[in-house]
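Engineer: Sequence below, structure please.
(chains A, B and C)
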Amino acid sequence: MVRRFGARLIQSVILLWIVSIVGFSLLYLTPGGPLAMFAETPGMTQEDVERLERQLGLDQPAPIQYLRWAGGLVVGDWGRSYRDDSPVLEVIGSRIGQTFKLMLAATAVAMSVGLATGILGAVRQYGRFDRVTTILTMIALSIPTFWFGLLVIYVFSQRLGWIPPGNAAPVGDDSWLSALHHLIGPALVLGLLSTAVWSRYMRSAVLETLAQDYIRTARAKGVLRSRLLFHHVLRNALLPMITLIGLELPSLFGGALVTETVFTWPGMGRLFFDSISYRDYPVILGMLIFSAILVISSNLIADTLYGVADPRLRRR
Amino acid sequence: MTTPLLDVSDLTVRFSQDRGKVYAVNGVSYSLARGETLAVVGESGSGKSAHVLAMPGLLGTGRYTGAGAAVEVGGSAVFAGKELIGMPEAELRRLRGSRIGFVFQDPMSSLNPVLTVGEQIAEAITSHGVSPRTAEARALDLLDIVGIPEPRRRARHFPHQFSGGMRQRAMIAIGIACEPALLIADEPTTALDVLVQAQIIDLMKDLRRQLGMAMIWITHDMGVVASIADTVQVMYGGRIMERGPVRAVFHDTRSAYTWGLLNSLPDAEMHAPSLAGRRPRLRQIPGQPPDMTQVPVGDPFAPRNRFATHRCLSETPPLQQVADGAPGHLVAAWYDLPQVLRAVAHRDASPQALTEMGT
Amino acid sequence: MSVESFPAASAAPARANTTVFHRFLRRRMAAVGLALVVLLVLACALGPFLLRHDPLTINMRGRFLLPFSDGHVLGTDEMGRDLLARILDAGRYSLLIGILAMSISVFVGGFVGIVAGFYRGILGHGLMRFVDGMLCFPSIFLLLTLAALTSPGVVTTTIIIGLTAWMSVARLVHSSVQELCQREFIAAARALGLRDWRIMIGELLPNVAAPLCVAATLIVARAILLESYVSYLGYGIQPPVASWGNMLQKAQQYFNSAPWLAILPGLMITIAVAGFNAIGDGLRDALNPRGRPG
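Structural biologist: Have a look, this model is predicted:
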């Protein structure tokens, strides 16, 4: 178990290193470069741009730039924003809380609804409930998040007035009730896609478990139906779901970005759009790396949990 | 005559699936006395497992089973005075594990990987109204009975920490946990090494004697049949082809299919298990196994039987007492095999010709 | 599970007529998906020739007309352009981008997957670690970054979508190729002295074609969705060229007064994506009848 974790940890570090190279090269190779905007700014001469380039170290060859930047990553100096010169980590840190809150709420929705519908659908495969959820999950997987968000705002906010049209909470109002009220819409919208994914995975995991020989053995023992479901089927079917948390994270994070713009949620999404329109390379790169670290570490955690939960892996 | 433990009459099993119906079992009737051991023999798809598992509702009729195919079971199966076919699932559940025990083929996949062996044995007992504490103690006894050393330590282990033979012993402990009147063993030794097979067979013989239970033993392996069964029942195409005391069926064979099965094994290997490799299994008889999606007509083996007459192809032979045979020796055939074989011998053909030219 | 307990699976030989296509059509959702996609493609391809309205003709007097008014079946938009004509015209771009981006993905992913699966050594390992690395970034994130930093347009958007969606194909192909390389026929091909590229194209490619087809269909769905995201956010297809995504960008401002302007393009995206997803799912089940139930 410890060895397994150690091996996975080393793999993760290597992956992180690869990610840093890929991320850096992507931005480095993109035409235009960080100063493209200044070149068009009136009053900036060619000399000014070149001076700026030297100041920022952008005149150095790519490997040098990479090494400087990557060295900074390791010690926690992720560079400074071109926009207001504040440290990248600080900029990200100021926004990440709201995004995490949203992602957490969405995951809670997705796991509870998704797992429940997946289990119910599988237990009565091809029943009415199963047919309906199969179609609904297919639609949920296909609907564009932003459009669904617009519809939710239109129906539940504009027409019915049940939820606020956006934002986290009005200034000065920091009661948890208001925060929750503002969270409902975006969490539902962001959670929809994950709900469908969880439901589908859970359904096929339960179906696969039901077809196992040990389920027949349990029935041959005369095990009660409720015990069969909770003790035998779910214990086995939920195991692979642990890794789904890690696998779902990239799409959840991407979805959060889009949901935030629709609901004008003050998280990473808005920061991201501000940064790309300013060509704020250090922040963009920082956010790319940050999201990748999030994905890698959550995969590592999920994998470790799986190793703890599955007795077949526990003692090796 | 005392009432039989299990009385099966005209049992049918059909699977419905996308491609249509599968006629898996087509009218099987027999009875099993208390303490009797019946071996059911046949190729894959002969209906030997399907008919036995259908009776206690283990073929997908119950809820929460992953079988994609819907199952229809017809006919009657009376176990200890109670009709099993059509019995509500809740009542069947109470019978399973308590009065009817099961041992399945592959102990690795048949044991739940995430529960300890001790838990899985105890569960067979707690499911029938015994307190967990008593069941735990009983589970340790059972591990001892089936010959697993250090039961207290082993009970806390998971199936993957056991060897193949040990797992099958644990599986047997589950099967006999409530001292059932009937133990259904579905190819319990097929997945095991030859040496382990012999140990498991010895163990089951011992247990049968101690508990006085009846057994239905489903197998491919004619060698096992000879060593454990009182009665043997040969199945093909969802029907019983021949049935009777082991000695009678082996030495006074009346069905061309049984004859083919027995002749596909070299005689020396049949009785003494070879140490070199696995025990010999049924070799292939020429021809295709029947298409079970068609409504069965005639003797199912007829298309592969060299001596089939027109009658065999169109009319299903009833299972009848062999006229000059041992009591209880039944066969379903329109032809008289000894007579046919004498005729073949007369024409100077080897008995193998029957199977070789059967297409 | 022993075969005996399910004679259904073993006893019934697959009949000649239960081909992949038959099995595919037997799944209702897949058949519906196929019908939707065919209908949509036909409508987008032929529709603009049959309609009397031009998608670009501006009519400032006939703005925000309700559906079924004045000969405009779906009404008009904020510039008085016929909505149906615009939706069908936009569909051409959205579907075309989806299919072209898929082609790029399948080509790049298939190439990387086969090469990495065939050459186990440093090359294969390195390629797959690169794939792992790319997959760590949320794809929308990656896509938007690239789209925002390059100049947007139909061609760049297509290429960028294609280049951010190939990794899953590579993984899939890589694992099948690794499996195939264990089999005898590859060893035989090697023993015959066939060149590596002939083995890869002649032996491996046909054997990964089936999963590749499934992946391709699902990627079309993803690509259409991704295109709508970038275009909606303003970094994809630029007006006056219409795509379903950028129609929504404009329409959301008028959501209160003219909700149909936003509802219809979104519906089209959902239908198209669901159609391709259903085809992909159906194909997977049909090609692999005893695989995962789903």
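
Engineer: Count the neighbours of the residue in the stretch 201-350 of chain B that chain C sits nearest to for me.
Structural biologist: Chain C sits closest to B:Met292 of the stretch 201-350 of chain B, with a gap of 3.7 Å, by Cβ to the nearest Cβ. Just so you know, the C-beta spots here come from the backbone N, C-alpha and C atoms, and that holds for glycine as well. A count of nearby residues for B:Met292, using other Cβ atoms under 10 Å in any protein chain shown, gives 27.

Engineer: Run a quick check on it versus B:Ser46, I expect a contact.
Structural biologist: No - the pair B:Met292 / B:Ser46 is not scored as a contact, 9.6 Å apart, by Cβ atoms under 8 Å.

Engineer: Overlap of the contact sets of these two?
Structural biologist: B:237-238 (Cβ atoms under 8 Å, 6 or more residues apart in numbering or on different chains).

Engineer: ok so, going back, in terms of pLDDT, where does the residue of the stretch 201-350 of chain B closest to chain C sit?
Structural biologist: We note a pLDDT of 78 for B:Met292 in this prediction.

Engineer: Could you report the distance from it to A:Ile293?
Structural biologist: According to Cβ to Cβ, to the nearest Å, B:Met292 and A:Ile293 sit 57 Å apart.

Engineer: try B:Thr293
Structural biologist: Taken as Cβ to Cβ, the span from B:Thr293 to A:Ile293 is 56 Å.

Engineer: quick one: low-confidence parts of the chain?
Structural biologist: I went with chain A, as the question did not name one. Applying pLDDT under 70 to chain A flags the ranges A:1, A:32-42, A:44, A:168-174, A:315-316.

Engineer: Chain B, not that one
Structural biologist: Ranges of chain B meeting pLDDT under 70: B:1, B:17-19, B:60-69, B:264-286, B:347-359.

Engineer: mind giving me the domain split of it?
Structural biologist: According to automatic domain parsing, chain B comprises the domains B:6-229, B:239-357.

Engineer: ok, now which ones touch the residue nearest the centre of chain C?
Structural biologist: The centroid of chain C falls nearest to C:Val220 when counting by Cα atoms, centre = their mean (0.5 Å). By Cβ under 8 Å, 6+ apart, C:Val220 lies in contact with C:98-99, C:102, C:276.

Engineer: re the thing from before, most tightly packed of the domains of chain B?
Structural biologist: Sort the domains of chain B by mean neighbour count, taking mean count of other Cβ atoms under 10 Å in any protein chain shown, and domain B:6-229 sits at the top with a mean of 20.

Engineer: tally of neighbours for C:Val155?
Structural biologist: 10.

Engineer: Apologies, that question was intended for A:Ile242.
Structural biologist: Neighbour number of A:Ile242 under other Cβ under 10 Å is 18.

Engineer: and the residue nearest to it when sequence neighbours are not counted, helix, strand or coil?
Structural biologist: Distance criterion Cβ to Cβ, 6 or more residues apart in numbering or on different chains; nearest residue to A:Ile242, sequence neighbours excluded, is A:Tyr306 at 4.7 Å. Under the three-state scheme (DSSP: H, G, I helix; E, B strand; the rest coil), A:Tyr306 adopts helix.

Engineer: thinking A:Tyr306 is in contact with A:Leu313, fair?
Structural biologist: Yes - applying Cβ under 8 Å, one finds A:Tyr306 in contact with A:Leu313, separated by 7.1 Å.

Engineer: among the contacts of C:Val220, who's most crowded?
Structural biologist: Result: C:Phe276 is most packed of these (other Cβ under 10 Å), 30 neighbours.

Engineer: Quick check, it in contact with C:Leu225.
Structural biologist: No - in this structure, C:Phe276 is not within contact of C:Leu225 by Cβ under 8 Å, at 9.5 Å.

Engineer: quick one: which of the contacts of C:Val220 is nearest to chain A?
Structural biologist: Closest approach to chain A among the contacts of C:Val220 (Cβ to the nearest Cβ): C:Phe276, at 8.3 Å.

Engineer: and that closest one, what is it in contact with?
Structural biologist: Residues near C:Phe276 by Cβ under 8 Å, 6+ apart: C:33, C:37, C:98, C:217-218, C:220-221, C:224.

Engineer: and the residue lying closest to it once chain neighbours are set aside, what helix or strand is that in?
Structural biologist: Using Cβ to Cβ, 6+ apart and skipping residues adjacent in sequence, the residue nearest C:Phe276 is C:Ala221, 3.7 Å away. Using DSSP states H and E, C:Ala221 sits within helix C:205-232.

Engineer: tell me which residues of that helix are tucked away?
Structural biologist: For helix C:205-232, burial by neighbour count (16 or more other Cβ atoms under 10 Å in any protein chain shown) applies to C:207-208, C:210-232.

Engineer: what about residue 178, how many residues close to it?
Structural biologist: Unless you meant another one, I'm taking chain A. Other residues close to A:Ser178 by other Cβ under 10 Å number 14.

Engineer: looking at chain C here, not the other one
Structural biologist: What C:Gln178 shows, counting by other Cβ under 10 Å, is a neighbour count of 16.

Engineer: Next one: it from chain A, what distance?
Structural biologist: According to Cβ to the nearest Cβ, to the nearest Å, C:Gln178 stands 18 Å off from chain A.

Engineer: surely that residue meets C:Val115?
Structural biologist: No - checked against Cβ under 8 Å, the pair C:Gln178 and C:Val115 is beyond contact range at 12.0 Å.

Engineer: close enough to count as contact, B:Ala226 and B:Val246?
Structural biologist: Yes - counting by Cβ under 8 Å, B:Ala226 does reach B:Val246; the two are 6.3 Å apart.

Engineer: before we move on, back to that, from the contacts of C:Val220, pick the one nearest B:Ser127.
Structural biologist: C:Phe276 (47.7 Å; Cβ to Cβ).

Engineer: Centre of the chain to the strand or helix carrying that closest one, how far?
Structural biologist: According to DSSP H and E, C:Phe276 maps onto helix C:260-287. Here helix C:260-287 is found 9 Å from its chain centre; the criterion is Cα atoms, centre = their mean, to the nearest Å.

Engineer: Show me which residues of the stretch 51-200 of chain B sit near chain A.
Structural biologist: Residues of the stretch 51-200 of chain B found near chain A (Cβ under 8 Å from any Cβ of the partner chain) are B:56, B:58, B:62-68, B:89, B:93-98, B:101-102, B:104, B:106, B:109-115, B:123-124, B:127-128, B:158, B:160-161, B:171, B:174, B:177.
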